[in-house]
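Peer 1: mind folding the following:
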Amino acid sequence: MSVEQPLWRALTGYRLLAIGYALAVFGWAYGRLAHPLPGAAYLAVLTVWTLATLPNVLSARRCTNAFLAVDITLAVVGILGSVYVDAHGRIGPTLPTIWVAGPVLAFAIRGGWRWGAVAATVVGIANILEQGAITRPTLHNVLLVCVASIGIGYVIEVARASERALEHALQIEAATRERERLARDIHDSVLQVLAMVQRRGTALGGEAAELGRMAGEQEVALRSLVSRESVPAQTVRTEPAAGRRTGGRRTGSGGLAGRWGARVGAVAGGADAGTATATATATATATATAHDGTDGGAANSRTANATSDHAAANGASASGASDDGASDDGSAGALADAGESDLRALLMPLAGARVTVVEPGAPVPLPAAAAREVTAAVSAALDNVRQHAGSPDGGEARTWILLEDEPDAVLVTVRDDGPGLAEGRLADAEAEGRMGVALSIRGRLRDLGGSAELSSVPGQGTEVELRVPKQPGGGGR
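Peer 2: From the prediction side, this is the model:
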């Protein structure tokens, strides 16, 4: 509803009360008037006009210029006609009395303070002519109507300007969100393919190198296009390997590894005990040995990778057995009927030889659209690991996905054992038009009302924590 609509309703009520007051005053002084019949005829016309034109004072669209002209003409005629009807000055006020303020206020609401000032001036001149002189009461009444009309008109102009500014801001916000959505889709598909073609073409050489060069040029041009609108600068927390606090949890000397092992154990606690132990042990061991600085670090890393792969296989088997059960089938059907999806089922296909998924034993329901967006954000994080993070043994970094079902939110954490992010790396990537974190991860979570936090410890990899509220509008942490 428009902010000026209540004023139109108030004006409608005022006009009805004013015409009733004018009729009451005229009836009270009828026997003392010099020429009462012309006054009665005028008030009859004024009453019919007031009742017939009630729809005209319900909105600015219906309050036409022709209506305003006739309205103020009737007010002026009533004021000047009071000289003849009440020749002896028995009534005191004019025939329309306070009704004359109605047309002035209509002018102010319809056209702003300038229109209100003009209408108040016309009515003021008519009152002075009716009195034959500028008396103190007349001047007081004229100034009162003038100030009221100018004040209301100014308030209306400010309100309309605010409405236009708000509408413009909403349009910009909608356009920006649509642009970011398209940019995410382009980044997750076209840009990734162009980047792959460029790398493969350069590696193959010959004509393929020329094709790779052209793909690289198109990638740069497309990145510049999708990132033309300014995106808030992204930051990453780079903290010491020990003694930091993240999300209310204190990490000790083990850094990310110690906290991760505890969280994996907590999530897997509801699953099979053997699988939980193997998964937690493999995850913590792989993290610790991947960054071992001793001479035996390489051997330890190979042992940890083998153990972690075995744990991932056990976890996948346990998950598959659970999915085949009647209880999970029933849960999936119930979620589908409610328009929700089990986030576990969407994340499990992301598991692989170097990607381990740790999930709770019960379904993790989210609205279907939100679950798909979270999965896409996790996929974008995995793409960043594959492209930019390398393990100490020279291969692809290992990645762990931890799914946690909290009372009011769903938490998905993606962690790798790569070298971590250097200070300012995200800002540099943004300047180059690479919006993987800004749009594909943070942008998706922001649209869901959640949050995405990046933490990086030198030599201990990078951790991306995605938090999605279960209820829309719940907000991120």
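
Peer 1: now the helix or strand hosting residue 176: average pLDDT?
Peer 2: Assigned by DSSP states H and E, residue 176 belongs to helix 136-186. Helix 136-186 shows a mean pLDDT of 83.

Peer 1: ok, the closest residue to residue 39 other than its chain neighbours - contacts?
Peer 2: Distances taken as CB to CB, 6 or more residues apart in numbering place residue 85 nearest to residue 39, at 3.9 Å, with adjacent residues excluded. Backbone N, C-alpha and C define where each C-beta goes, glycine included. Listed by CB atoms under 8 Å, 6 or more residues apart in numbering, the contact set of residue 85 reads 33-36, 38-39, 42, 95.

Peer 1: how much space separates residue 85 from residue 104?
Peer 2: Distance of residue 85 to residue 104, computed by CB to CB, to the nearest Å: 22 Å.

Peer 1: ok, now residue 76?
Peer 2: 11 Å.

Peer 1: show me which of those two is the more surrounded one.
Peer 2: Between residue 76 and residue 104, residue 104 has the larger neighbour count (other CB atoms under 10 Å), namely 29 against 19.

Peer 1: which parts of the protein are strands?
Peer 2: Under the criterion DSSP state E, the chain contains strands at 237-238, 245-246, 249-250, 340-342, 355-358, 365-367, 399-405, 409-416, 451-456, 462-469.

Peer 1: tell me which of those lies nearest to residue 14.
Peer 2: strand 462-469 (47.5 Å; CB to CB).

Peer 1: circling back: would a markdown table of the strands of the chain with mean pLDDT, distance to residue 132 and mean neighbour count be doable?
Peer 2: Formatted as a markdown table, the strands of the chain follow (pLDDT from 0 to 100; distance: least, CB to CB, whole Å; neighbours: other CB atoms under 10 Å):
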| stretch | mean pLDDT | distance to residue 132 | mean neighbour count |
| --- | --- | --- | --- |
| strand 237-238 | 48 | 83 | 16 |
| strand 245-246 | 40 | 85 | 12 |
| strand 249-250 | 41 | 87 | 10 |
| strand 340-342 | 88 | 81 | 22 |
| strand 355-358 | 89 | 94 | 24 |
| strand 365-367 | 90 | 76 | 21 |
| strand 399-405 | 91 | 86 | 22 |
| strand 409-416 | 91 | 78 | 24 |
| strand 451-456 | 85 | 75 | 21 |
| strand 462-469 | 90 | 74 | 24 |
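
Peer 1: just put those in CSV and tack on distance to residue 213.
Peer 2: Output for the strands of the chain, formatted as CSV (distance: least, CB to CB, whole Å):
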stretch, distance to residue 213
strand 237-238, 34
strand 245-246, 42
strand 249-250, 47
strand 340-342, 42
strand 355-358, 32
strand 365-367, 43
strand 399-405, 31
strand 409-416, 30
strand 451-456, 32
strand 462-469, 31
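
Peer 1: of those, which is nearest residue 133?
Peer 2: Here strand 462-469 is closest among those (CB to CB), at 72.3 Å.

Peer 1: and stretch 353-365, how far apart are its ends?
Peer 2: 27 Å (CA to CA, to the nearest Å).

Peer 1: now do stretch 356-374
Peer 2: So stretch 356-374: terminal residues 17 Å apart, CA to CA.

Peer 1: again with stretch 129-141
Peer 2: OK, stretch 129-141 end separation, CA to CA: 14 Å.

Peer 1: mind listing what's buried in that stretch?
Peer 2: The neighbour-count check on stretch 129-141 (16 or more other CB atoms under 10 Å) flags 130-131, 138, 141 as buried.

Peer 1: which parts of the stretch 351-477 of the chain are helices?
Peer 2: In the stretch 351-477 of the chain, the helices defined using DSSP state H, counting those that start in this stretch lie at 368-388, 425-431, 444-447.

Peer 1: let me have those in JSON lines, adding distance to residue 354, mean pLDDT and mean neighbour count as columns.
Peer 2: As requested, the helices of the stretch 351-477 of the chain are arranged in JSON lines below (distance: least, CB to CB, whole Å; pLDDT from 0 to 100; neighbours: other CB atoms under 10 Å):
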{"stretch": "helix 368-388", "distance to residue 354": "9", "mean pLDDT": "86", "mean neighbour count": "20"}
{"stretch": "helix 425-431", "distance to residue 354": "22", "mean pLDDT": "59", "mean neighbour count": "16"}
{"stretch": "helix 444-447", "distance to residue 354": "24", "mean pLDDT": "85", "mean neighbour count": "20"}
